[in-house]
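A predicted structure for the sequence below; I have some questions about it.
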Amino acid sequence: QVRLVESGGGLVQAGGSLRLSCTASGNIVSTGDMGWYRQAPGKQRELVATIGSGGNTNEADFVKGRFTISKDNAEKKVYLQMNDLKPEDTAVYYCNARNVIIPYSTERHNYWGQGTQVTVSS
C-alpha cells in the first residue's frame, strides 16, 4: 500500500520560513509527478506547485519567488521550501503523487497525504 506522509508544518510569523517534506512509502516503481496543494478554511483545494519526474516544475502565481519545490527521486521525497510567508498562506498543505507506477499494474495511480497545517500569524 502506498502512503504519503507530510511533515514540517507549524506556526510561523509573517515573513518567516517553513520547509515541508513528503515521503512516499510502499511498493512503488516510480513516484511519477509529485506536488503540493493547499486548502484554506471555506475554500477549495488549490495547486501550490508540482514537479515532474524529469524535474520540470509548475508553480501557482501566488508563490512564485517565495516557494521552491524540489524532489529526491531516489528517496521518494518531495519538498516545499516556503519563504516570506504571509497570513494568506495559512492552510492545510497536502502532498500529492500522480501517475504513480506500482508493481503488477498497468494503470497509473493518484495518491494524497493526510495534510499538514501551516499557520502564519500577522
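Arrived safely. Residues are numbered from 1 along each chain as shown.

Start from the N-terminal end of the chain and give the strands.
For the chain, applying DSSP state E gives strands covering 3-7, 10-13, 18-25, 33-39, 46-51, 57-59, 67-72, 77-82, 91-100, 109-112, 116-121.

quick one: strands adjacent to the fifth one?
What it means is strand 46-51. strand 33-39 (antiparallel), strand 57-59 (antiparallel) (DSSP bridges).

What average pLDDT does the shortest one get?
By that I understand strand 57-59. Over the span of strand 57-59, the pLDDT mean works out to 95.

what does that strand rub up against?
35, 47-51, 67, 69 (CB atoms under 8 Å, 6 or more residues apart in numbering). In this view, the C-beta of every residue, glycine as well, is placed from N, C-alpha and C.

Narrow the residues you listed to just the buried residues.
For the contacts of strand 57-59, burial is judged from neighbour counts taken by 16 or more other CB atoms under 10 Å, and it is met by 35, 48-51, 67, 69.

How confident was the prediction at the residue most central in space within the chain?
The centroid of the chain falls nearest to Trp36 when counting by CA atoms, centre = their mean (2.6 Å). Trp36 carries a pLDDT score of 98 in this model.

Can you tell me the closest non-neighbouring residue to it?
Val48 (4.2 Å; CB to CB, 6 or more residues apart in numbering).

was I right about that neighbour contacting Phe67?
Yes: the criterion here is CB atoms under 8 Å, and Val48 meets it with Phe67 at 6.7 Å.

closest one to Asn99 among the strands paired with strand 46-51?
strand 33-39 (5.5 Å; CB to CB).

tell me the angle the closest one makes with strand 77-82.
Put simply, strand 33-39 runs at 40 degrees to strand 77-82, going by axes from the mean of the first three to the mean of the last three CA atoms, to 10 degrees.
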